[in-house]
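J.: Coordinates for the following, if possible.
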Amino acid sequence: MAAMNEDTPLLSVGTRSSSLRRSPVEATTGRSHICSTNTLKMICILFIAIGAAGLLFIGGDNQQGHFLKASIRQSSAVTDTIRLEPAAHLSSQHSKTKGVELSTPATEQAVGSVGSNDEEETQLDSAVAEIETTAKASPIQRSVRFIPYPHKTLGSGSSLQCEWETRPITNASTSSELLDFTQRNAFIEGVCIPPTLHDTLHIFSSAEAIQCLSSEAQNRDIRVILSGDSYMRQLYIGLTDILLSKHISDDKEIIENVQRSKMLSTARYWMNKRHENNATFPFVQFRCGDECYGSKTLDVCSKCINSLSENSDVWVVGVGIHIYERVKNHVNGTLQEIQQFLDREEGQNRTIYVSPPAGPMENVYRGLLPNVAPENPEHPFLDVYESTESCTMENCTFDGSHRSRYVNRWKAQLLLNTLCEVQ
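T.: Residues are numbered from 1 along each chain as shown. Okay, here's the model as predicted:
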């Protein structure tokens, strides 16, 4: 257990510790002396409204918990406000407040959905709209800029080695920024920040991610499309969790392919519905899943991308393990097919290639590094290999290959740092 030094950036909230220690019920009913004076009444009404809306999203009983193994590094710094508890402890508190689970009517039977209930769906839409309105009106919301192609390179290989840790919230002045559901959970569940990105990597709130990827907010056409194998499906679900400010399907871990397909369908449904109902919400979808899965040659993937592409598109593509299996575990054959795909995409100004996670593809991953950014700026690259290799806790994976929900939300944060810049 390593203690954090003075240079380690801490999350902070500019709120009195007495109010932060209140229970969710006290926070929403106002049973505290802080709201007893007329002077602060309007401020309290605002915080009560935000807290009540937030409870709609922070529901569900996470049966798995996070950081089950003591080897995970957690700061021992003493603070005057909130200590970040492991999520296994928080889940017992959250279970007292029933959340609204996002699910499509088509998957209701499979995942215990309440999504087909019109009244509850209307309540969910109203709650999300209130959160979005509050975020846009908040004076603490920072401006976020979308970075056009070739986007931003975070690095690759050994420069991205990192150690997973949780971090506390520390006391600070009243001008400090308040954290949203997504940011709080990122620091509770764990982050893996390479020393090379210590001063530049940003943990995006849901509102900041929406602002970055929104065509309306950026005053330019933006469509973000993810494609590829099962690892990319889970990355898309992680990005959906951030943009919706809700862990869909009550954050259930994905342990087999049928469940993954149903959860992907749920994520696509709600992302499409939110975009249709709110012009500010980004267009972020998963397309060409079969064509870019790797079981077919990648020229099929290229044709699918060409058939659907518009000038404003950002394609985030990750494929490899099924190519590797199809060519009989031949590293050079796998590398050749991926490099041919990247060469076809060169000049199209649209594609970010995502590395495979740690596992049997290490030789393929190492072989790719000289042909992708930053070594080759013509081939933008998102490297998630190092962060997944360093995730060795018991709950990093539940099937031995695919990473847990919180790890994929961290991958999504890395993608947002590639596409977005806080000003």
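J.: so for stretch 296-314, what's the average pLDDT?
T.: Mean pLDDT, computed over stretch 296-314, is 96.
J.: pLDDT below threshold where in the chain?
T.: Filtered on pLDDT under 70, the chain yields the residue ranges 1-141, 169-177.
J.: for the stretch 201-350 of the chain, what spans make up the helices?
T.: Applying DSSP state H, counting those that start in this stretch to the stretch 201-350 of the chain gives helices spanning 206-213, 215-218, 230-244, 257-277, 298-308, 321-326, 331-345.
J.: ok, residue 384 - how many residues close by?
T.: 26 (other CB atoms under 10 Å). To be clear about C-beta, it is placed using only N, CA and C from the backbone, and glycine gets the same treatment.
J.: Save the helices of the stretch 201-350 of the chain as a markdown table, and put in distance to residue 152 and mean neighbour count too.
T.: Below are these laid out as a markdown table (distance: least, CB to CB, whole Å; neighbours: other CB atoms under 10 Å):
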| stretch | distance to residue 152 | mean neighbour count |
| --- | --- | --- |
| helix 206-213 | 12 | 23 |
| helix 215-218 | 15 | 17 |
| helix 230-244 | 17 | 25 |
| helix 257-277 | 23 | 18 |
| helix 298-308 | 22 | 17 |
| helix 321-326 | 27 | 19 |
| helix 331-345 | 18 | 18 |
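J.: can you redo these as TSV with distance to residue 186?
T.: Shown next, in TSV, are the helices of the stretch 201-350 of the chain (distance: least, CB to CB, whole Å):
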stretch	distance to residue 186
helix 206-213	11
helix 215-218	22
helix 230-244	9
helix 257-277	18
helix 298-308	31
helix 321-326	27
helix 331-345	30
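J.: closest one to residue 363 among those?
T.: Nearest of the helices of the stretch 201-350 of the chain to residue 363, taken as CB to CB: helix 331-345 at 4.7 Å.
J.: other SSEs contacting the strand or helix carrying residue 387?
T.: Counting by DSSP states H and E, the element that carries residue 387 is helix 385-389. For helix 385-389, the packing partners by 3 or more CB pairs under 8 Å, 6 or more residues apart in numbering; DSSP states H and E come out as helix 405-419.
J.: Kindly recompute the last result at 7 Å.
T.: Packed against helix 385-389 by the contact rule (3 or more CB pairs under 7 Å, 6 or more residues apart in numbering; DSSP states H and E) you find no helix or strand.
J.: Using CSV, list the CA coordinates for that helix.
T.: Only the C-alpha atoms of helix 385-389 are listed here, as CSV (Å, rounded to 0.1, in the frame of the first residue of the first chain):
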residue,chain,number,x,y,z
TYR,A,385,-2.4,-3.1,-23.7
GLU,A,386,-0.2,-1.7,-20.9
SER,A,387,-3.2,-0.7,-18.6
THR,A,388,-4.8,-4.1,-19.0
GLU,A,389,-1.5,-5.9,-18.5
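J.: of all the helices of the stretch 201-350 of the chain, which lies closest to residue 416?
T.: Per CB to CB, nearest to residue 416 of those: helix 206-213, 5.6 Å.
J.: Give me the residues contacting that closest one.
T.: For helix 206-213, contacts defined as CB atoms under 7 Å, 6 or more residues apart in numbering pick out 135, 141-142, 144, 146, 180-182, 217, 222, 224, 242-243, 245, 280-282, 284, 416, 419-420, 422.
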